[in-house]
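Participant: Fold the following.
(chains A and B)
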Protein chains: 2
Amino acid sequence: MGGNEALKEVKSAKCFGGKNVRYELKSKELGCTTTFTVYYPPAAQSGKVPIIYFLAGLTCDDENFINKAGAQRTAAALGVALVCPDTSPRGLDVPGESESWDFGVGAGFYLNATQERWRNWRMYAYITEELPAALRSLPLLDVDTASVMGHSMGGHGALVLGLRNPARYRSISAFSPIAHPCAVPWGHKAFGGYLGDDRAAWKQYDATELAGEYSGPKRDILIDVGTTDPYLENQLKPDDFSEAAAGSKALEVQLRKQDGYDHSYAFISTFVDDHLRHHAKALKA
Amino acid sequence: MGGNEALKEVKSAKCFGGKNVRYELKSKELGCTTTFTVYYPPAAQSGKVPIIYFLAGLTCDDENFINKAGAQRTAAALGVALVCPDTSPRGLDVPGESESWDFGVGAGFYLNATQERWRNWRMYAYITEELPAALRSLPLLDVDTASVMGHSMGGHGALVLGLRNPARYRSISAFSPIAHPCAVPWGHKAFGGYLGDDRAAWKQYDATELAGEYSGPKRDILIDVGTTDPYLENQLKPDDFSEAAAGSKALEVQLRKQDGYDHSYAFISTFVDDHLRHHAKALKA
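Facilitator: Residues are numbered from 1 along each chain as shown, chains lettered A, B, ... in the order given. Next comes the predicted model:
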């Protein structure tokens, strides 16, 4: 409760009886002003509502899921808020930050970088610590009752944040996740650039590595991938994750291979209601 | 049926069991290659499906509604296709075409321009004649069973095209339409620029003028506007339209003023299912 001078509402639009609200936050972790967008369901008018974090993919920001997934209809019906952060720091003018679409701006990979040039790329700390702390100044959210989902790079983020912070996230799901980044080109580029050459340091951000060693509370994880996703075999590798998770008694992975679907929001919108219900079940248990 | 060399599929993504397909068409009316996007519901796999045309607003193209309205879920359930054209010619390098966001590129106003510089701004002829002819080469669409809806400038388009072509469009609906363009700044700028100073020529593209004189088959028209739409009073004027339509025995206007909603796709997505059902009822009658 109470004010937060670092936090400012910049846009609001009513949607399915609730509202999409975009905020700017002066982030210490990221060293810049960052944006995030919240969908408040109508239930937030009469009491605090639980949260589903949605972590977006490469090149996206905090508005892609809000604008393109069609999630508000069911979030309204279930009485859950959606919290969508940006995907990296912006506006820092770090040399090379915009040279690639899969590294730098729009490509934070939900980790804490250790390489000096990328010292502000601290999306892990931002999303797991600083953002929830900021959300406490918004009186409509039950910040302690939260789940996490994401898409592609954000699916990687959802799996990693969820497995490493079971006390913070009650349930986990992902669309088209980069599920084994240590084994694919996107992961090599991001982890090498942000974390350096020490591959031991990479493993803490690799969902497949984490699944094999997971010993926390029981988690049912829902993953959807499209069978015609062009990245499925060489960048996502969801089977590696489900095979590793099979070694943990505490993890139950439902990996659904959706026939003929690709990597886009057309795919996400088709199945997003299943993910929201997956989380609502855990949030309201 | 049969091929059409002017028409090319450029993108396709499965969505709710059907698919979003983007096409390029070499348009004679517009003097350029234009894009349009079709959502095919799953029912199109087993027979031709009726069409709902969606006409977009200022600055939009053929993908805004497809990507942001969340319409595919219900279009799939109802077995109707969505056909979304662009909002103007593009790429012609007409002097001044990109100086304003409310005139020129992205602002075709669904009319046939008479002023020489804008001779390719023939969205009326394109959408009522050339586009349906092109759609006949796509075997999954029942081109003769169609309705029309739109948003803002496209809501104006839907009302005008629907009232002037009752044989082509079985039903009409609009979100936030520019319902009386002869009486508002957007209309003055567009009609003056495209049609010249002869105000008599403007009336054929003014829904309020047309409603007062309508004598075609009976039409129930559904219109949604948001009460906090910043354009409601000075650019849209939906009450002018409903009052004019009250003078026609053949028109029944349901004008819904949705409390607290604005002009955005957050608003459209909330009520789009009602519009799709409005049209499906007429298309399947």
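
Participant: What is the burial count for the residue lying closest to residue A:82 once chain neighbours are set aside?
Facilitator: Setting aside the residues directly before and after it, residue A:82 is nearest to residue A:39 in space (C-beta to C-beta, 6 or more residues apart in numbering or on different chains), at 4.1 Å. Where you see a C-beta, it was placed from the backbone N, CA and C, and this is true even at glycine. Applying other C-beta atoms under 10 Å in any protein chain shown, we find 26 residues neighbouring residue A:39.

Participant: gap between residue A:39 and residue A:208?
Facilitator: Using C-beta to C-beta, to the nearest Å, we find residue A:39 at a distance of 31 Å from residue A:208.

Participant: Next one, pLDDT for residue A:139 please.
Facilitator: On pLDDT, residue A:139 comes in at 89.

Participant: How is it assigned, secondary-structure-wise?
Facilitator: coil (DSSP: H, G, I helix; E, B strand; the rest coil).

Participant: Touching, it and residue A:48? I think so.
Facilitator: Yes: between residue A:139 and residue A:48 a contact is recorded at 7.5 Å, counting by C-beta atoms under 8 Å.

Participant: okay, these two: which has more neighbours?
Facilitator: A side-by-side neighbour count of residue A:139 and residue A:48, using other C-beta under 10 Å, places residue A:48 first with 16 against 9.

Participant: in what helix or strand does the residue lying closest to the more buried one once chain neighbours are set aside lie?
Facilitator: Distances taken as C-beta to C-beta, 6+ apart put residue A:142 closest to residue A:48, at 4.0 Å, once the chain neighbours are dropped. Using DSSP states H and E, residue A:142 sits in strand A:141-151.

Participant: circling back to that earlier point, tell me which residues form a beta bridge with the residue nearest to residue A:82?
Facilitator: residue A:20, residue A:82 (DSSP bridges).

Participant: Quick one: residues contacting it.
Facilitator: In this structure, residue A:39 makes contact with A:15, A:18-21, A:66, A:71-72, A:75, A:81-82, A:84, judged by C-beta atoms under 8 Å, 6 or more residues apart in numbering or on different chains.

Participant: just residue A:102 next, same as before
Facilitator: Remark: with contacts taken as C-beta under 8 Å, 6+ apart, residue A:102 is in contact with A:58, A:186, A:189-190.

Participant: before we move on, what about residue A:276?
Facilitator: When the contact criterion is C-beta under 8 Å, 6+ apart, the partners of residue A:276 are A:52, A:71, A:74-75, A:78, A:80.

Participant: Pick the one among the contacts of residue A:39 closest to residue B:235.
Facilitator: residue A:15 (22.0 Å; C-beta to C-beta).

Participant: what about the closest residue to residue A:136 other than its chain neighbours, how many neighbours?
Facilitator: Nearest in space to residue A:136, with sequence neighbours left out and distances taken as C-beta to C-beta, 6+ apart, is residue A:143 at 5.3 Å. The number of residues packed near residue A:143 is 19, by other C-beta under 10 Å.

Participant: What residues does residue A:143 make contact with?
Facilitator: For residue A:143, the residues meeting the contact criterion (C-beta under 8 Å, 6+ apart) are A:51, A:132, A:135-136.

Participant: Please flag which of the residues you listed sit within helices.
Facilitator: When DSSP state H defines the helices, the subset of the contacts of residue A:143 inside them is A:132, A:135.

Participant: Would you mind checking which of the contacts of residue A:143 is nearest to residue B:252?
Facilitator: For the contacts of residue A:143, the minimum distance to residue B:252 (C-beta to C-beta) is 44.3 Å, reached by residue A:51.

Participant: distance of the closest one from chain B?
Facilitator: With distances defined as C-beta to the nearest C-beta, to the nearest Å, the gap from residue A:51 to chain B amounts to 19 Å.

Participant: Report how many residues lie close to that residue.
Facilitator: Look at residue A:51: counted by other C-beta under 10 Å, it has 24 neighbours.

Participant: Can you read off the pLDDT for it?
Facilitator: Predicted confidence (pLDDT) for residue A:51: 98.

Participant: what separates the closest residue to it other than its chain neighbours from residue A:48, distance-wise?
Facilitator: The shortest distance from residue A:51 to any residue that is not its chain neighbour, by C-beta to C-beta, 6+ apart, is 4.3 Å, and that residue is residue A:146. Here residue A:146 is placed at a distance of 12 Å from residue A:48 (C-beta to C-beta).

Participant: ok so, going back, which of the contacts of residue A:276 are buried? Put it as a PyMOL command.
Facilitator: For the buried members of the contacts of residue A:276, the matching PyMOL selection, counting by 16 or more other C-beta atoms under 10 Å in any protein chain shown, is:
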select buried, chain A and resi 52+71+74+75+78+80
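
Participant: Can you lay out the contacts of residue A:276 as TSV showing secondary structure?
Facilitator: Compiled in TSV, these are given as follows (three-state DSSP):
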residue	secondary structure
A:52	strand
A:71	coil
A:74	helix
A:75	helix
A:78	helix
A:80	coil
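
Participant: and which of the contacts of residue A:276 is nearest to chain B?
Facilitator: Distance ranking of the contacts of residue A:276 against chain B, using C-beta to the nearest C-beta, places residue A:71 first at 8.7 Å.

Participant: And the residue of chain A found nearest chain B, how far from residue A:268?
Facilitator: Checking chain A residue by residue against chain B with C-beta to the nearest C-beta singles out residue A:70 as nearest, at 3.3 Å. Counting by C-beta to C-beta, the gap from residue A:70 to residue A:268 is 8 Å.

Participant: Could you report the pLDDT at the residue nearest to residue A:136?
Facilitator: On the pLDDT scale, residue A:143 gets 98.

Participant: tell me which parts of the stretch 51-200 of chain A are close to chain B?
Facilitator: If contacts are counted using C-beta under 8 Å from any C-beta of the partner chain, the residues of the stretch 51-200 of chain A sitting beside chain B are A:67-68, A:70, A:72-73.

Participant: Name all residues that make contact with residue A:241.
Facilitator: Listed by C-beta under 8 Å, 6+ apart, the contact set of residue A:241 reads A:159, A:177, A:179-180, A:207-208, A:211, A:223, A:253, A:255.

Participant: And the residues you listed, which is closest to residue B:97?
Facilitator: For residue B:97, the nearest member of the contacts of residue A:241 is residue A:177. The distance, counting by C-beta to C-beta, is 43.2 Å.

Participant: Look up the closest residue to that closest one, ignoring the ones flanking it.
Facilitator: Nearest non-adjacent residue to residue A:177 (C-beta to C-beta, 6+ apart): residue A:155, at 2.7 Å.

Participant: State the distance from the one you found to residue B:132.
Facilitator: 41 Å.

Participant: When those two are compared, which one has more neighbours?
Facilitator: For residue A:155 against residue B:132, the residue with the higher neighbour count under other C-beta under 10 Å is residue A:155, and the figures read 29 against 18.

Participant: pLDDT value on that one, please?
Facilitator: According to the model, residue A:155 carries a pLDDT of 98.

Participant: Go ahead and confirm it touches residue A:180.
Facilitator: No: under the criterion of C-beta under 8 Å, residue A:155 lies out of contact with residue A:180, with a separation of 11.5 Å.

Participant: Could you measure from the residue of chain A positioned farthest from its centre over to residue B:132?
Facilitator: If you look at how far each residue of chain A sits from its centre, by C-alpha atoms, centre = their mean, the farthest one is residue A:46, at 27.1 Å. Using C-beta to C-beta, we find residue A:46 at a distance of 49 Å from residue B:132.
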